[in-house]
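Engineer: Quick one, fold the following:
(2 chains)
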Amino acid sequence: MALLELRGLRTSFLIRSGELRVIDGLDFEIDEGEIVGLAGETGSGKSVTAASIIGLVRKPGRVVDGQVLWRGRDLRALPEQTLAREIRGKEISMIFQNPREALNPVIRVGRQIMQVLELKRGMSEDEAHAEAVRLLENVHISDPKQRLRAYPHELSGGMAQRVMIALALSAHPRLLIADEPTTGLDVTTQYQIVQLLRELRATTGMAILLITHDLALTAELCDRLAVLYAGRLAEVGPLEHLVRTPRHPYTHALLQSRPHLGMTGDIPAIPGAVADLMRPPSGCRFHPRCPNRLAVCSEVQPVLALVPPGQQAACHNPVAVREEVAASGG
Amino acid sequence: MAADGASANGDVTFAVDGLVKHYMVKVSAFESAKLRAVDGVSLEVSRGTTLGLVGESGCGKSTLGRVALRLEEPTAGVIRYGNTALTSLSAAALRRLRPKLQMVFQNPLGSLNPRMTVGQAVTEPLLLHNLASRHEARKRVAELFERVGLSPDHLGRYPHQLSGGQQQRVGIARALASNPEVMILDEPTSALDVSVQATLINLLRKLQAQLHLTQIFISHDLSVIGYLSDRVAVMYIGEIVEIGPTREIFARPRHPYTGALISAVPGEDLLDRKLRMMLPGEVPSPIKPPPGCRLAPRCPFARERCREEKQVLQPVGEGHLVACWRAVAGEISAEDFQRQAQLTLEA
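Structural biologist: I've put the predicted structure just below:
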């Protein structure tokens, strides 16, 4: 049994002018101890996916269909109270892009961590303090006793993210959802956080769902990668296949559209703009921008299907692979 | 004083010399402190070339861009445009030169008036600087729209009716309206989605070549800088630590900070795990920069002297300068950065 399995998940925003189908039928799973990347651009629905999993979709948004199976149990069927008490912040934790915004600016960092430990884990003040020190040590914050006395603004971005990770790990979650955890951090600090996440997976065995727009980041960290386009999965599979042998034209184009050293001439760009969810294109939502489109693409929505060398792509006319690659994989 | 080998060809269009911008900021209810955003920067950009300015957030690169065009007044230093010292011009004289010196910002929506159609937004600078009659302006704006890849249908739209990529095209058209010679672009593609970024980068490259613009391209993204720039300057806490031809900087970085940044640039194959040189700790505050070399507390190669005495930019090759005691003495090179990365990996 997968640790987390999404089946036909649909989340919509019901606004005056109609229904915005932000996630339109998502099937997706994460195994124990696995790091999965969920990559997409603005409006792809990647952050809403995270909110849908933990039952925190903001109004006017609502999960309208599908199942969120957590160790076989449908979280959508659970009352909010149970979700808050047993799942969120316990079995599933989350970290975000702006760690400092998640902390209360007028309360010392230590106090905030201890509050969580006292409330969620019923510790005494002394126990909570000792545990807070241990948690900061786990994420390699030097001089933790001193850091606990700091106010959030006294922490650098990287340090604040370490604090958030420490806090997220305090209840020993089985899944950490990391939504753009390194975006906004300096290049030299980003890599430290990547290293830390990799190390924590190894030591705790927790799974990580990494939500990002940055394919290079997924390549540093993930075992598997899922690429979202306009609320639907374009392609999902082992990282190496998606990066080296992408079959969905969108994945392929995204990888191509990065400038790299020694490149001459134009960067192969994707024409047009991301799909308007108010008026999503018919059939495959990527078809107006797709170099591989066929007549069928504007009529029939493609479903995820197994393609060589061993991933799933939702495409009527996948990118060709060289024969030797197709033969060696799958 | 020429701090940058570009002067060798005697065709420098734009330069800053000893540029300083300090701000007084409140650090507590009773105390103010000096924030050294730009702390003695000298740069030259040859006519028709692009200088890439790279650095991490808070290093002062955006301030440098704004101060270089006197959108903010420098604390000290000289700015030269051709033979004119911009820093000694009166406000009126500066206004007359303004059309030749333009800036493109990261967030186009923030720089466009929401109540003006984008057609009007691009027309405005033409009329403001008396560069065209109403009739001529209309023709010119239509040309500009075509040049940046917008259709005439867009002229009557309001900024919020356009996508982020289209808004930035309007921002570029507006900057180009007055036929500038010098353009400073501050993270013009950073707010855009990856798939849209590429089309904008292609456009910028084409425009630079067609219009022979003299550019400073500011970004935190070395991949984009590497693609668009002839030369690269690397900034760390208000100072330039290395400057040189793009190919040199990428192939043989001399400053350990440049080395670390370069080692973080993803290769063509994302899985081709490059060795990454990690710098421990984080960027110190520009309010209290470390004495001596500002990288010294984080630098794996630092010696006693680095922590005490600052090295100024010294030539190490054709148009290549570096501010590092050990690199200048030839004691460390790109191979050492590789070796350091290997050590990090093993640790």
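Engineer: check contacts around residue B:25.
Structural biologist: Neighbouring residues of residue B:25 by C-beta atoms under 8 Å, 6 or more residues apart in numbering or on different chains: B:32-35, B:287. Where C-beta positions appear, they are placed from N, C-alpha and C, glycine not excepted.
Engineer: Can you read off the backbone torsions of residue B:130?
Structural biologist: Dihedral angles of residue B:130 (phi, psi; degrees, to the nearest 10) stand at phi 50, psi 40.
Engineer: separation between it and residue B:124?
Structural biologist: 12 Å (C-beta to C-beta, to the nearest Å).
Engineer: Residue A:130 now?
Structural biologist: 63 Å.
Engineer: How about stretch B:271-285 and chain A, touching?
Structural biologist: Yes - contact of stretch B:271-285 with chain A (C-beta under 8 Å from any C-beta of the partner chain) involves B:271, B:276, B:278-279, B:282-283.
Engineer: and the end-to-end length of that stretch?
Structural biologist: Start-to-end span of stretch B:271-285 (C-alpha to C-alpha, to the nearest Å) is 34 Å.
Engineer: still on that earlier bit, for residue B:130 and residue B:124, indicate the residue with more neighbours.
Structural biologist: Ranked by neighbour count (other C-beta atoms under 10 Å in any protein chain shown), residue B:130 and residue B:124 place residue B:124 first, with 16 against 8.
Engineer: Remind me which helix or strand the more buried one belongs to.
Structural biologist: Using DSSP states H and E, the element containing residue B:124 is helix B:118-128.
Engineer: How about that helix and chain A, touching?
Structural biologist: No - Helix B:118-128 does not reach chain A (C-beta under 8 Å from any C-beta); its nearest approach is 15.7 Å.
Engineer: Beyond that helix, next helix or strand please.
Structural biologist: Moving toward the C-terminus from helix B:118-128, the next helix or strand (DSSP H and E) is helix B:134-147.
Engineer: Residues touching that following helix, excluding its own?
Structural biologist: In contact with helix B:134-147 (C-beta under 8 Å, 6+ apart) are residues B:119, B:122-123, B:126-127, B:131-132, B:151-152, B:154-155, B:173, B:176-177, B:207.
Engineer: mind running it again at 6 Å?
Structural biologist: Residues from elsewhere that reach helix B:134-147, judged by C-beta atoms under 6 Å, 6 or more residues apart in numbering or on different chains: B:122-123, B:126, B:132, B:173, B:176-177.
Engineer: and if you look at stretch B:258-270?
Structural biologist: For stretch B:258-270, using C-beta under 6 Å, 6+ apart, the contacting residues are A:187-188, A:216, A:219, A:243, A:260, B:222-223, B:234, B:242, B:253, B:274, B:276-277, B:279, B:337, B:341.
Engineer: Look up the closest residue to whichever residue of the stretch 1-150 of chain A sits closest to chain B, ignoring the ones flanking it.
Structural biologist: In the stretch 1-150 of chain A, the residue found nearest to chain B is residue A:41; the distance is 4.0 Å by C-beta to the nearest C-beta. Counting by C-beta to C-beta, 6 or more residues apart in numbering or on different chains, the nearest residue to residue A:41 once its immediate chain neighbours are dropped is residue B:193, at 4.0 Å.
Engineer: Can you verify my assumption that that neighbour contacts residue A:42?
Structural biologist: Yes - under the criterion of C-beta atoms under 6 Å, residue B:193 makes contact with residue A:42 at 5.3 Å.
Engineer: Three-state assignment for residue B:207, please.
Structural biologist: State at residue B:207, reduced to three classes by DSSP: H, G, I helix; E, B strand; the rest coil: helix.
Engineer: Looking at it now. What's its pLDDT?
Structural biologist: pLDDT recorded at residue B:207 is 96.
Engineer: any idea how far it lies from chain A?
Structural biologist: 13 Å (C-beta to the nearest C-beta, to the nearest Å).
Engineer: To what extent is that residue buried, counted in neighbours?
Structural biologist: The number of residues near residue B:207, taken as other C-beta under 10 Å, comes to 19.
Engineer: sorry, back to before: and the contacts of residue B:25, which are buried?
Structural biologist: Among these, the ones that count as buried by 16 or more other C-beta atoms under 10 Å in any protein chain shown are residue B:35.
Engineer: what sits against residue 17?
Structural biologist: Since no chain was named, I'll use chain A. By C-beta under 6 Å, 6+ apart, no residues touch residue A:17.
Engineer: my bad, chain B
Structural biologist: Here residue B:17 is in contact with B:42, B:78 (criterion: C-beta under 6 Å, 6+ apart).
Engineer: Residue B:79 too?
Structural biologist: Counting by C-beta under 6 Å, 6+ apart, residue B:79 makes contact with B:16, B:68, B:86-87.
Engineer: and these, which of them are in strands?
Structural biologist: Judged by DSSP state E, these include residue B:16 as members of strands.
Engineer: neighbour-wise, which of the contacts of residue B:79 leads?
Structural biologist: Neighbour counts for those peak at residue B:68, which has 30 neighbours (criterion: other C-beta under 10 Å).
Engineer: Can you name the residues bridging to the residue lying closest to that one once chain neighbours are set aside?
Structural biologist: Using C-beta to C-beta, 6+ apart and skipping the chain neighbours, the partner closest in space to residue B:68 is residue B:16 (5.4 Å). Residue B:16 has the following beta-bridge partners by DSSP bridges: residue B:43, residue B:79.
Engineer: Give me the neighbour count for residue 90.
Structural biologist: Using chain A. Residues near residue A:90, counting by other C-beta under 10 Å: 17.
Engineer: Correction: the question concerned chain B.
Structural biologist: Neighbours of residue B:90 under the rule other C-beta under 10 Å: 8.
Engineer: List the buried residues in stretch A:274-290.
Structural biologist: For stretch A:274-290, a neighbour-count test (16+ other C-beta under 10 Å) marks A:274-275, A:277, A:281, A:283-290 as buried.
Engineer: of the residues you listed, closest to residue A:100?
Structural biologist: Nearest to residue A:100 among the buried residues of stretch A:274-290, counting by C-beta to C-beta, is residue A:274 at 28.9 Å.
Engineer: That closest one: which element?
Structural biologist: Using DSSP H and E, no helix or strand contains residue A:274.
Engineer: now the helices for the stretch 101-250 of chain B?
Structural biologist: Assigned by DSSP state H, counting those that start in this stretch, the stretch 101-250 of chain B shows helices spanning B:108-111, B:118-128, B:134-147, B:164-176, B:194-211, B:222-228, B:246-251.
Engineer: Name the residue most distant from the centre of chain A?
Structural biologist: Most distant from the centre of chain A: residue A:126, at 35.3 Å, with distances by C-alpha atoms, centre = their mean.
Engineer: three-state assignment of that one?
Structural biologist: Residue A:126 ends up helix, using three-state DSSP.
Engineer: residues touching residue 213, list them.
Structural biologist: By default, I'm working from chain A. By C-beta under 6 Å, 6+ apart, the contact set of residue A:213 is residue A:41.
Engineer: not quite, I wanted chain B
Structural biologist: Counting by C-beta under 6 Å, 6+ apart, residue B:213 touches residue B:183.
Engineer: one step back: show me what the helix holding residue B:124 is packed against.
Structural biologist: Using 3 or more C-beta pairs under 6 Å, 6 or more residues apart in numbering or on different chains; DSSP states H and E, the elements in contact with helix B:118-128 are helix B:134-147, helix B:164-176.
Engineer: highest average neighbour count across those?
Structural biologist: Mean neighbour count (mean count of other C-beta atoms under 10 Å in any protein chain shown) peaks for helix B:164-176 among these, with a mean of 24.
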